[in-house]
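Novice: what follows is a predicted structure for the sequence shown.
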Amino acid sequence: MAAVDLAAPPGPSVTPTVLTRVRALRPPVSPRYLAGRVATGLVAVWGAATLVFFALYSTGNPALLLVPPDAPPDEVERLTALMGFDRPVPVQYVSFLGQVVRGDFPDSIRYGSDPVAIALGRLPASIELGLVGLTIGVVVGGVIGFVSATSRSAWLRRVPLSVAVALDGIPTFFFGILATLVLAVWLGWLPATGATGPAAIVLPGLTLGVAFVPAVARVFRTALVDVLQADHVRTARAKGLSRGRLVRRHVVGNSLGTTLNVVGIQAGVLLGGAVVTESIFGWPGIGQLSVNAVQNRDYPLVIVCVLVIAVGFVLVNLLVDVLAAVVEPRLRS
Amino acid sequence: MTAVATVLVEEQATHDTRRASRTLGASGWVGAALLGLVVAVTLAAPLLVTDPLAQDFTAILQPPSAAHPFGTDELGRDLLARTVFGGRTALAVTAVATLVAAVLGLGLAVGGALFGGAVDAVASRLADVQLAVPTIVLAIVILSFVGNAFVPLVTVLVLGAWVLTFRVIRGHARAVVRQPFVEAARVAGAGRGAVAWRHLLPSVLPLFFVAVTLSASAVLLLESSLGFLGLGVQPPEADWGQMVAAGQARLATAPWLSLFPGVALIVTIVALQLLGDALAERTGTGRAGQGVAR
């Protein structure tokens, strides 16, 4: 059984635990844990809304941002009074939070309609791209992490991980450009931009997925190596368990909690990658919408996009926390 | 968000005493050499290359040649000069933002260790808030409402990066303060300032350099991503991320427009990561907090 690589450098000191047996009829996550996570998420959304509010007011009169730059002064004044920008700041802050809760915002300058509807209309495309990217990232990163922790071949333990780590040095946007150049321009296998046909998602999905591979590979490998050194694994090995069975039954499950949690921290990185990826490929998601809104100075739309992205980020984190708690009960504290 | 994981990462950063090697190792030296080369070339830019803004309409979109080793762009500007000066912009912004972020993180971590309780609690909550608001959202809000001049841009990068230094140093600083020799110094009458200066700072300095190097690569990644999105340094001033974006439209006919600035960017980021990893290995820090800002 010398195949398990004990000579590999030790990872972070996460004490592995034996996975407690799942009892029948017990909810996977306690309501208290869930309530705590939801509360943290609400605080984060409130923080984002506050940030938007103060950024908006640091510019002087926000009415100037809500009208086209060539609007006449009386129009600005009318809007200032209409939107209540002449009231004291604390009053406006409360009414802004009310707007956020009701989802009631001034019309988009560019599209002339409700910005919430526009932003939500772009969500399905973003979710589709996110799922494809996440799948690619988790599968490729997971395989690389698994192989580099458990393979008997020194070559397989080192090379794929090195490639993954090297990918970390390539900015997402430049990887997207390189992939377009090679796969679309030089080889002509794929369309370069736009969301037409099933092939269109390959380049953006690949770009987004690759941004995720290094983190998943590194964290999963570290977690596996840690669990491989645990007492219960030594015992299982001593009682003569086959290598495959050992890894399947005692190692992988115990590594998932830590992996999920550390990967969850990286959700923000994935989100940034999604905004960049959508912009490179003209993918009609909310990331591209928000960048365009900034460039068009369409401030109502910017506000809504930022809030929708913040809420999405919070929901993803919530999901990751719950999943992590399901596979690793120790994390429910 | 994911508070437990934050703790895990912190523990990884502080209590993980892995084999600390004495030298930088081959990859560390390669990183240091590459970084030195990039910095030297960008610093000496005015001596080495021509004016990055000089237009020459007789030589538009030339492929790389002896006269223009990196080719020219759609205004006939020399791409070598633009790449070198673009690096100057990118590295200047990165250096300022990294130093401010690292000193801020160091100050909050050391302050938290010295004064304990409230200071540390506030700083840790701030770090949690920072992790709960994606940096890209922060960037979009600040750069769209406040504008993308130098100060707002650096502010965004600092807000995205200070947590890395803070988390790397916090646990170590707290552990050092509890050491018997610090207690002895206190008993002997040393004030907080003296403890910080004589005992805490020398002890966290190696970690600080690791954090600075790793933050620098993260900050450069974020800076170039913002440049690419059109939220960072604005034309006509050259900047790597922005140049890659400008070349994207002509990828099929003039790929050198995007390739050269992009490769320069990769070389710099990889150099910083190699050096940072080697320094981390040397101080036994591990690769904690990677990818905090991007």
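Specialist: Alright, I've got the coordinates. Numbers count the residues shown, from 1 in each chain, chains lettered A, B, ... in the order given.

Novice: show the average pLDDT along the host helix or strand of A:Phe175.
Specialist: Applying DSSP states H and E as the criterion places A:Phe175 in helix A:172-179. Across helix A:172-179, pLDDT averages out at 89.

Novice: where does chain B have low pLDDT?
Specialist: Along chain B, the parts satisfying pLDDT under 70 run over B:1-22, B:132, B:284-294.

Novice: give me that answer again for 50
Specialist: B:1-20, B:287-294 (pLDDT under 50).

Novice: burial count for residue 111?
Specialist: Unless you meant another one, I'm taking chain A. 15 (other CB atoms under 10 Å in any protein chain shown). Backbone N, C-alpha and C define where each C-beta goes, glycine included.

Novice: that answer is for a different chain, and I need it for chain B
Specialist: Using other CB under 10 Å: B:Gly111 sits among 17 other residues.

Novice: same question for the one 5 residues further on.
Specialist: Using other CB under 10 Å, B:Gly116 has 12 other residues around it.

Novice: now it. Its backbone dihedrals?
Specialist: phi 60, psi -160 (degrees, to the nearest 10).

Novice: near chain B, which residues of the stretch 201-333 of chain A show up?
Specialist: Counting by CB under 8 Å from any CB of the partner chain, the stretch 201-333 of chain A comes close to chain B at A:214-215, A:218, A:258, A:261-262, A:264-269, A:271-273, A:275-276, A:279-280, A:290-291, A:293-295, A:297, A:299, A:302, A:305-306, A:309-310, A:313-314, A:317, A:320-321, A:324, A:331, A:333.

Novice: which elements pack onto the next helix or strand after the helix holding A:Phe175?
Specialist: Later in the chain than helix A:172-179, the nearest helix or strand by DSSP H and E is helix A:202-228. If contacts are counted by 3 or more CB pairs under 8 Å, 6 or more residues apart in numbering or on different chains; DSSP states H and E, helix A:202-228 sits against helix A:115-150, helix A:154-167, helix A:172-179, helix A:253-265, helix A:267-281.

Novice: any chance of those in JSON lines, plus mean neighbour count?
Specialist: What follows is the helices and strands packed on helix A:202-228, written out as JSON lines (neighbours: other CB atoms under 10 Å in any protein chain shown):
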{"stretch": "helix A:115-150", "mean neighbour count": "20"}
{"stretch": "helix A:154-167", "mean neighbour count": "15"}
{"stretch": "helix A:172-179", "mean neighbour count": "24"}
{"stretch": "helix A:253-265", "mean neighbour count": "24"}
{"stretch": "helix A:267-281", "mean neighbour count": "27"}
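
Novice: of all those, which lies closest to B:Ser203?
Specialist: With CB to CB as the criterion, B:Ser203 lies closest to helix A:253-265 of these, at 26.9 Å.

Novice: quick check: angle from that closest one to helix A:202-228?
Specialist: 130 degrees (axes from the mean of the first three to the mean of the last three CA atoms, to 10 degrees).

Novice: which other helices and strands contact helix A:253-265?
Specialist: helix A:202-228, helix A:299-327, helix B:3-15.

Novice: tell me the contacts of B:Val210?
Specialist: For B:Val210, the contact set (CB atoms under 8 Å, 6 or more residues apart in numbering or on different chains) comprises B:168, B:276, B:279-280, B:283, B:285.

Novice: make a ChimeraX selection of the buried ones in these.
Specialist: Entered in ChimeraX, the line below selects the buried ones among the contacts of B:Val210, by 16 or more other CB atoms under 10 Å in any protein chain shown:
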select /B:168,276,279,280,283,285
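
Novice: from the contacts of B:Val210, which land in helices?
Specialist: Assigned to helices by DSSP state H, the following of the contacts of B:Val210 qualify: B:168, B:276, B:279-280, B:283.

Novice: which of the helices and strands packed on helix A:202-228 has the lowest mean pLDDT?
Specialist: Across the helices and strands packed on helix A:202-228, the stretch with the lowest average pLDDT is helix A:253-265; it has a mean of 77.

Novice: so how far is chain A from the spatially closest residue to B:Ala32 that is not a sequence neighbour?
Specialist: Closest residue to B:Ala32 apart from its sequence neighbours, by CB to CB, 6 or more residues apart in numbering or on different chains: B:Leu275 at 5.2 Å. Counting by CB to the nearest CB, to the nearest Å, the gap from B:Leu275 to chain A is 12 Å.

Novice: B:Ile136 now?
Specialist: To chain A, B:Ile136 is 4 Å away according to CB to the nearest CB.

Novice: show me the contacts for A:Leu167.
Specialist: Residues in contact with A:Leu167 (CB under 8 Å, 6+ apart) are A:175, A:210, A:213-214.
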